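# let's see this in three dimensions:
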Amino acid sequence: MAGRELPASSPFAGDDGSCDPRLAAALDAFGRGDGSLAQVVTALAGTRVLVPVLAELETADVVEVGEHRHTIDKEASAGIVALRAPDGRTALPVFSSVASMAAWRSDARPVPSDVARAALSAVTEQWELIVLDPGGPTTVLVPRPAVWALAQQQEWQPAVIRTAGVDAVDPRIRSAIGRAIGAVAGVLAVDTVPGRRAEVAAVLTLVPGLDRARLDDVLGHVNAALAADEAVTASVDSLELRVLAGP
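Here you go, the predicted structure:
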């Protein structure tokens with residue numbers, strides 16, 4: 001996508017560059033800790049975002065998103081740029097307003113786009129994430145399944161939901177992971193919980209007495225089963241495995 005611009009179109013002719021009020025309220029609540037990522041994504045759907053265009057990058061910049069640091073791709077010399085996440089994935093930066101973009105980089109030129117088009121552009125370029133307002137005041141990392149949902153103009157259902165103040169994996173995701181792994185030889189039981197290093201953790205109880213080669217073989221089949229399951233790949237941004245020995 002480097003060197004190309006998302007074209008401005010007539011629906012934005014009267015745009016004053018301010019943040020959509022509903023999105024502003026969701027971002028404010030999220031920044032205070034009173035709102036959720038799902039509420040931000042819901043408010044983001046159907047809105048206009050601003051995609052930054054930089055004439056030239058002399059050096060790489062680093063952007064912090066929560067506990068994560070993102071580096072602007074050095075290879076993007078003209079046009080729309082990408083942010084490189086520590087895990088190697090690429091994110092498209094978008095902004096809710098001209099003010100939030102100016103706080104990030106004063107030399108960035110805002111190109112308006114509806115969020116569905118911006119998300120589809122990211123998906124087309126195999127950029128898995130979107131970072132909303134990387135310069136603040138509230139920065140939100142939009143995960144891969146939510147980017148896909150925005151691109152398809154569909155509602156996003158997060159894999160981890162909060163009920164009565166407790167985080168838990170959505171039952172539909174628990175079922176999908178259980179189905180995907182349940183038939184793998186050597187797996188006695190599967191539990192699914194919110195992850196520590198990833199969004200979701202699959203806790204596997206394996207047959208006892210596995211040597212290293214056999215353990216690697218079982219885990220390889222588990223990973224292959226998860227990667228082949230469309231319900232899992234479409235709904236879970238990242239997944240970690242935890243292994244327990246069976247009785």
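# can I see the domain layout of this structure?
Here the domain parsing of the chain from automatic domain parsing is 10-156, 161-245.
# isn't there a helix covering Ala231?
Yes: residue state for Ala231 (DSSP: H, G, I helix; E, B strand; the rest coil) corresponds to a helix.
# now do it, the pLDDT please.
Looking at Ala231, its pLDDT is 91.
# now the domains of the chain in JSON lines, with mean neighbour count?
Where C-beta positions appear, they are placed from N, C-alpha and C, glycine not excepted. Output for those, formatted as JSON lines (neighbours: other Cβ atoms under 10 Å):
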{"stretch": "domain 10-156", "mean neighbour count": "18"}
{"stretch": "domain 161-245", "mean neighbour count": "15"}
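# which residues does the residue nearest to the spatial centre of the chain contact?
Residue closest to the average C-alpha location in the chain (Cα atoms, centre = their mean): Pro143, at 1.2 Å. With contacts defined as Cβ atoms under 8 Å, 6 or more residues apart in numbering, Pro143 is in contact with 37, 129, 199, 237-238.
# against Thr47, how distant is His227?
Not His; residue 227 is Ala. Per Cβ to Cβ, to the nearest Å, Ala227 is found 33 Å from Thr47.
# and Arg84, by the same measure?
25 Å.
# same thing with Asp133?
Where Thr47 is concerned, Asp133 sits at a distance of 12 Å (Cβ to Cβ).
# how are the strands of this structure distributed by residue range?
48-54, 62-65, 68-72, 79-80, 83-84, 90-94, 109-114, 129-132, 140-142, 160-163, 166-169, 187-194, 200-206, 239-245 (DSSP state E).
# now those in JSON lines, please, with extra columns for mean pLDDT.
As requested, the strands of the chain are exported to JSON lines (pLDDT from 0 to 100):
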{"stretch": "strand 48-54", "mean pLDDT": "90"}
{"stretch": "strand 62-65", "mean pLDDT": "47"}
{"stretch": "strand 68-72", "mean pLDDT": "50"}
{"stretch": "strand 79-80", "mean pLDDT": "68"}
{"stretch": "strand 83-84", "mean pLDDT": "82"}
{"stretch": "strand 90-94", "mean pLDDT": "91"}
{"stretch": "strand 109-114", "mean pLDDT": "90"}
{"stretch": "strand 129-132", "mean pLDDT": "94"}
{"stretch": "strand 140-142", "mean pLDDT": "93"}
{"stretch": "strand 160-163", "mean pLDDT": "86"}
{"stretch": "strand 166-169", "mean pLDDT": "91"}
{"stretch": "strand 187-194", "mean pLDDT": "94"}
{"stretch": "strand 200-206", "mean pLDDT": "95"}
{"stretch": "strand 239-245", "mean pLDDT": "90"}
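# out of the ones you listed, which comes closest to Leu120?
Closest to Leu120 of the strands of the chain is strand 109-114 (Cβ to Cβ; 9.7 Å).
# check what contacts the closest one and list those residues.
Looking at what lies outside strand 109-114 - Cβ under 8 Å, 6+ apart - the contacts are 5-9, 11-12, 15, 17, 46-55, 80, 94-95, 98, 101, 121.
# what are the pairing partners of it, and which direction each?
Under the criterion DSSP bridges, strand 109-114 sits next to strand 48-54 (antiparallel) in its sheet.
# please save the CA atoms from the strand it pairs with in CSV.
The C-alpha coordinates for strand 48-54 follow below in CSV (Å, rounded to 0.1, in the frame of the first residue of the first chain):
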residue,chain,number,x,y,z
ARG,A,48,-15.4,8.4,8.9
VAL,A,49,-11.8,7.9,9.8
LEU,A,50,-8.7,9.8,8.7
VAL,A,51,-5.8,7.8,7.1
PRO,A,52,-2.4,9.6,7.4
VAL,A,53,-0.3,10.2,4.4
LEU,A,54,3.4,11.1,4.9
